[in-house]
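1. sequence and predicted structure below; questions after.
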There are 2 protein chains.
Amino acid sequence: MTITCPVPLEEKQIITLAHGSGGKQTHRLLEEVFLPAFKNEHLDLLHDGAFLDLPTSQIVFTTDSFVVQPLFFPGGDIGKLAVTGTANDLAMCGAKPRYLSAGFILEEGISIEELKRIVSSMEREAKLQSIEIVAGDTKVIERQTGKNLFINTSGIGTRMTNNPIGPLQIEEGDAILLSGDIGRHGIAVMAMRENFEFSTPLESDCAPLFPLVEALLKEAILVHAMRDLTRGGLATALVEMAESAQRNFLIEEEAISVSEGVESACEILGFDPHYVANEGRFIAFVSQDQAALALQILQKFPDGENARLIGRAESKSGRAQAIIKNPFGTKRPLYRLVGDQLPRIC
Amino acid sequence: MTITCPVPLEEKQIITLAHGSGGKQTHRLLEEVFLPAFKNEHLDLLHDGAFLDLPTSQIVFTTDSFVVQPLFFPGGDIGKLAVTGTANDLAMCGAKPRYLSAGFILEEGISIEELKRIVSSMEREAKLQSIEIVAGDTKVIERQTGKNLFINTSGIGTRMTNNPIGPLQIEEGDAILLSGDIGRHGIAVMAMRENFEFSTPLESDCAPLFPLVEALLKEAILVHAMRDLTRGGLATALVEMAESAQRNFLIEEEAISVSEGVESACEILGFDPHYVANEGRFIAFVSQDQAALALQILQKFPDGENARLIGRAESKSGRAQAIIKNPFGTKRPLYRLVGDQLPRIC
């Protein structure tokens, strides 16, 4: 008689609380999963921190946590999102993304195979974007759903320009450019979660924005402000920028590009695409006379081919707000998203 | 007839998924909880990243996530831990902690009052340690236990010395100093979790280590390497350092200070105090001739009054390992913690 193990050993490999102990199993996870993927001179030291020698003393620093469900979706996964999302925040400040930290919180029961796929997706994306992942940490929490995996990435970038970039730099008459069609990320994740099927498959727009920003700055476009459109979508970003800038924005609804797939999914689900999350789209504020050139530059990129001029900044009259005008000329103010139509979208 | 609300409005204030939407409720949380506590020129811009002007282009960067349960424990809370733990990692690299990011993952159901207490604890601790919290993010996950709140802090520090500090700098004959008695943090959290009572209350040792490191460096102590003792305790830190340095360490068990409370709790629970977590203790490697002066400097601090010389670094013979000698002269090698005796300790 032979005793057989009902589950092959490979499949048994799941995260346990011991992987978060700081002891032997944490060490093995580091040696077998994280170090092979993120290998670089900083991480190899197995030190408490990474010693970085930057080309400048002026840096940009940002942080973002990612809790998206499901972990894998059309066009990306939580690993690609964690690298790209934080790098995009740096790009929006006119900075070149250079270094990232990665803090993992794993739920007991997550398979090591899934973790490896996510880590290798982070590795691939960081390489593509010339970013080094130089500091890391792993914690493990007790099993609840067995599906939770959270990643925090914090990023350091170096400024590409000495010109200040931010809402306070927005001037009267500035053109508002939108880099592409909206709502793909939110709808792709939602469709995956709810097992929707589209006749033409819809992918997340998750993509690095730095190449587009770099091209604008290299062509001497004086970018006054930028904002990537994530949670809360285009509408929330416009409202926040209008309030921070203390200006009115006038937006032409017709100029906002929405793909057919996103449009019909939004209709069925009762969502407003202006509020659906994106992960590879941004708005840029440039002076009116540079708008045409800036659009040309953006449209050369596959992720910018649908870039459009969608409106302009005005001086404030009354409350600072973003106003959208429909094709019939009717105007209405945009508001921040109220409630949450799509939780855990990023 | 009057209709009365069974729960007073105040107590109804809990975190909901909408607080993670990026919309109106996220904005309120930011305005009412985070910004008042962390107010500074960088956060006030409500920008995607913080623009930092550092005094040097040589920096140290680190990250750590905190998942401790319960959130509040004798001697600290998750907020104090999140600021101090990451600042201590920077201090261990010989760097002055300057800037932190704070990424919150909140479970639906967490009370806003608790969140405010944690945030104000972070504010207090950051002020005490002259650290600015310059970037932040908040995500919300669905209710499971209603008790989970995770914080990632990433930190930027500037180097206090040009001398390299790290395991590779450890020399034969180096004195190994331990900054205080061990095991308080792990036992304090465990006691809180299990409702143990001690005749004399036991508090976590959670404390900033930078003041002690700064004093050593200012008095021209050439510190070769340092490591703070967190998860896995003193033993795991010694094993890791021995392997990284490719040296043998010889440790005198008698020289390791353990308080009476920790000792008896460990006996009852069957724990080895050498493996219990600390949050305000470290080991330092200095040349033998500077050991006495270094001890004097450490002992001037309340958090260093029990600092002791506990052993020395030797050349490697066979496998690099940390060997502990008991009072009877018997030697045994230390190993990394296997399994996890105290999950979610930090």
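-> The structure has been received and is ready for your questions.

2. every contact and neighbour count from this point should use C-alpha atoms.
-> Will do.

3. centroid residue for chain A?
-> Nearest to the geometric centre of chain A sits A:G85, at 2.8 Å (Cα atoms, centre = their mean).

4. surely it and A:S65 touch.
-> No. A:G85 is beyond contact range of A:S65, at 9.2 Å (criterion: Cα atoms under 8 Å).

5. which parts of chain A are helices?
-> Under the criterion DSSP state H, chain A contains helices at A:9-12, A:24-29, A:35-38, A:41-44, A:78-92, A:112-128, A:184-194, A:210-218, A:233-245, A:260-269, A:291-299.

6. in the fourth one, what counts as buried?
-> Residues A:H42, A:L43 are the ones in helix A:41-44 that count as buried (16 or more other Cα atoms under 10 Å in any protein chain shown).

7. name the residues that touch that helix?
-> The contact list for helix A:41-44 (Cα atoms under 8 Å, 6 or more residues apart in numbering or on different chains) reads A:L35, A:A50, A:F51, A:L52, A:I133, A:V134, A:A135.

8. can you count the residues close to the first one?
-> Taking other Cα atoms under 10 Å in any protein chain shown as the neighbour definition, A:L35 ends up with a count of 16.

9. ok, which of the helices of chain A comes nearest A:E203?
-> With respect to A:E203, and counting by Cα to Cα, the nearest of the helices of chain A is helix A:184-194 at 5.5 Å.

10. tabulate the CA atom coordinates of the longest strand belonging to chain A in CSV.
-> Criterion DSSP state E: the longest strand present in chain A is strand A:95-107. Taking C-alpha atoms only, strand A:95-107 is exported to CSV below (Å, rounded to 0.1, in the frame of the first residue of the first chain):
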residue,chain,number,x,y,z
ALA,A,95,9.4,64.4,-12.3
LYS,A,96,11.2,61.4,-13.8
PRO,A,97,10.2,58.3,-11.7
ARG,A,98,13.5,56.7,-10.4
TYR,A,99,13.1,54.6,-7.3
LEU,A,100,10.1,52.7,-5.8
SER,A,101,9.6,50.9,-2.5
ALA,A,102,7.2,48.0,-2.4
GLY,A,103,5.3,47.1,0.8
PHE,A,104,3.3,43.9,0.6
ILE,A,105,0.4,42.9,2.9
LEU,A,106,-0.5,39.3,2.1
GLU,A,107,-3.5,37.4,3.4
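
11. list the strands paired with that strand, with their directions.
-> Strand A:95-107 pairs in its sheet with strand A:132-141 (parallel), strand A:149-159 (antiparallel), by DSSP bridges.

12. can you check what angle separates the last one from helix A:112-128?
-> In other words, strand A:149-159. For strand A:149-159 against helix A:112-128, the angle by axes from the mean of the first three to the mean of the last three Cα atoms, to 10 degrees is 10 degrees.

13. what comes up buried for strand A:149-159?
-> Buried residues in strand A:149-159 (16+ other Cα under 10 Å): A:L149, A:F150, A:I151, A:N152, A:T153, A:S154, A:G155, A:I156, A:G157, A:T158, A:R159.

14. my read: the last one touches A:A91, true?
-> No. Because the distance of 9.0 Å does not satisfy Cα under 8 Å, A:R159 is recorded as not touching A:A91.

15. interface residues of the stretch 101-250 of chain A facing chain B?
-> By Cα under 8 Å from any Cα of the partner chain, the part of the stretch 101-250 of chain A that sits against chain B consists of A:101-105, A:134-141, A:144, A:152, A:154, A:166, A:227, A:231-232, A:236, A:244.

16. mind giving me the ChimeraX command for buried ones among these?
-> The ChimeraX selection below is limited to those of those classed as buried (16+ other Cα under 10 Å):
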select /A:101,102,103,104,105,134,135,136,137,138,139,140,141,152,154,166,227,231,232,236,244
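
17. ok, which of the strands paired with strand A:95-107 comes nearest A:G261?
-> When the strands paired with strand A:95-107 are ranked by proximity to A:G261, the top entry is strand A:149-159, at 29.0 Å, counting by Cα to Cα.

18. between the buried residues of strand A:149-159, which is nearest B:E125?
-> Nearest to B:E125 among the buried residues of strand A:149-159 is A:S154, at 20.9 Å by Cα to Cα.

19. quick check, pLDDT for that closest one.
-> Confidence at A:S154, expressed as pLDDT, is 98.

20. ok, it - contacts?
-> A:F61, A:T62, A:T63, A:D64, A:T86, A:L100, A:S101, A:A102, B:T63, B:S101, B:S154.

21. equivalent analysis for A:I182, please.
-> A:L234, A:I256, A:S257, A:V258, A:S259, A:P273, A:H274, A:V276, A:A277, A:N278, A:R281.

22. ok, the second one touching A:N306?
-> No. Proximity of A:I256 to A:N306 does not meet the contact threshold set by Cα under 8 Å, at 9.4 Å.

23. joint contacts of those two?
-> Here A:I256 and A:N306 have A:D181 as joint contacts, going by Cα under 8 Å, 6+ apart.

24. these two - which one has more neighbours?
-> Neighbour totals were compared for A:I256 and A:N306, and A:I256 leads with 22 against 19 (other Cα under 10 Å).

25. state the distance from that one to A:T138.
-> 41 Å (Cα to Cα, to the nearest Å).

26. can you report phi and psi for A:N306?
-> The phi/psi pair for A:N306 (degrees, to the nearest 10) reads phi -100, psi 20.

27. list the contacts of it.
-> If you count contacts by Cα under 8 Å, 6+ apart, A:N306 has them with A:S179, A:G180, A:D181, A:S257, A:Q299.

28. farthest pair in the residues you listed?
-> Farthest pair in those, by Cα to Cα: A:S257 and A:Q299, 13.5 Å.

29. return the most buried member of the helices of chain A.
-> helix A:78-92 (a mean of 28; mean count of other Cα atoms under 10 Å in any protein chain shown).

30. which helices and strands does it pack with?
-> For helix A:78-92, the packing partners by 3 or more Cα pairs under 8 Å, 6 or more residues apart in numbering or on different chains; DSSP states H and E come out as strand A:58-66, strand A:95-107, helix A:112-128, strand A:149-159, helix A:210-218, strand A:223-228.
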